[in-house]
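Visitor: Have a look; sequence and predicted model below, questions after that.
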Amino acid sequence: MDAQLLSNLWTATLETLYMVSVSSLLAAVFGLPLGLLLVITGAREFLPNPLVNQGLGWVINGVRSLPFIILLVAILPLTRLIVGTTIGSTAALVPLTLSAIPFFARVAETALLEVDPGLVEAAEAMGCSHWDIVRKVLIPESRPALVLGLTLMVISLVGNSAMAGVVGGGGLGDLAIRYGFQRFDTRVMVYTVVILIALVQLIQWFGDGVAYGLRRTGNVAPSPGWTNPLVRLRKT
């Protein structure tokens, strides 16, 4: 492998990591509250609001129904408005984040709905506020599932970041298209695929490890070291 190719691969990998990490953080920051809102406004939850729940659900489903490549092109004017350009890794953050927010919102909703309803009912019977139920029951009990969902989202963003290379988004996808496909350089294509596979494997391994560690600390099932969330509520 020559020095120029190595330099290009290194730069493209850093660009991919930049796009994936920033968009993942933004998606988690905005997606988790949306997931919570979907849960607490459900028909059988403590703040039922069909209008908000169904309206938000329609919006989330609408965005999720768009293939990423179509979303990428459709919001080019919005991307230009926000970052001033439609080319480069920073510009790719806009479609990556917009595609990931509704995805993680649904993942968070599913994780939160898996929490034992009995714990929520017991917390309500103890006179806990809605905020306390969310902060000390729902989120702590759903953390392993949230981590696994976040892992799934990050892996999805790795693939989407590669597709962003179609419109000059930078990263490994852009490198593979410009050098591997357009210049018929098989080496670049092979190296790019290997790096992407390695990234996905590493992310999955790390996410599984964190989720396993959270389960071991006892947030989801009785085990050595398990702390009942109702005990946490009594202490506060």
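Guide: Thanks, I have it.
Visitor: tell me which helix or strand of this protein sits lowest on mean pLDDT?
Guide: helix 229-235 (a mean of 49; mean pLDDT, DSSP states H and E).
Visitor: biggest helix in this protein by residues?
Guide: Secondary structure of the chain per DSSP state H: the longest helix is helix 3-40.
Visitor: Excluding residues flanking it in the chain, which one is nearest the residue nearest the centre of the chain?
Guide: Of all residues in the chain, the one closest to the mean position by Cα atoms, centre = their mean is residue 153, 3.7 Å from it. Using Cβ to Cβ, 6 or more residues apart in numbering and skipping residues adjacent in sequence, the residue nearest residue 153 is residue 104, 5.0 Å away. C-beta: built from backbone N, CA, C; applies to glycine.
Visitor: Helices along this structure, start to end?
Guide: 3-40, 50-64, 68-74, 76-83, 89-113, 117-125, 130-133, 139-163, 171-175, 186-216, 229-235.
Visitor: ok, and which of those helices has the densest surroundings?
Guide: Each of the helices of the chain was scored by mean neighbour count; the highest is helix 171-175, a mean of 27, by mean count of other Cβ atoms under 10 Å.
Visitor: how far out from the middle of the chain is that one?
Guide: For helix 171-175, the gap between its own C-alpha mean and the chain's C-alpha mean amounts to 21 Å (Cα atoms, centre = their mean, to the nearest Å).
Visitor: Can I get it in CSV, CA atoms only?
Guide: Provided in CSV are the C-alpha atoms of helix 171-175 (Å, rounded to 0.1, in the frame of the first residue of the first chain):
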residue,chain,number,x,y,z
GLY,A,171,-15.7,9.8,4.2
LEU,A,172,-15.1,6.2,3.1
GLY,A,173,-18.1,6.2,0.7
ASP,A,174,-16.8,9.2,-1.2
LEU,A,175,-13.4,7.7,-1.4
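Visitor: How about the contacts made by residue 211?
Guide: Contacts for residue 211 (Cβ atoms under 8 Å, 6 or more residues apart in numbering) come out as 144, 145, 147, 148, 151.
Visitor: Please disregard the earlier target; I meant residue 83.
Guide: Taking Cβ under 8 Å, 6+ apart as the definition, contacts of residue 83 comprise 90, 91, 93, 94.
Visitor: Nearest to residue 179 among those residues?
Guide: residue 91 (20.4 Å; Cβ to Cβ).
Visitor: Surely the closest one and residue 79 touch.
Guide: Yes. The pair residue 91 / residue 79 is scored as a contact, 5.3 Å apart, by Cβ atoms under 8 Å.
Visitor: Overlap of the contact sets of the two?
Guide: Contacts common to residue 91 and residue 79, judged by Cβ under 8 Å, 6+ apart, are residue 85.
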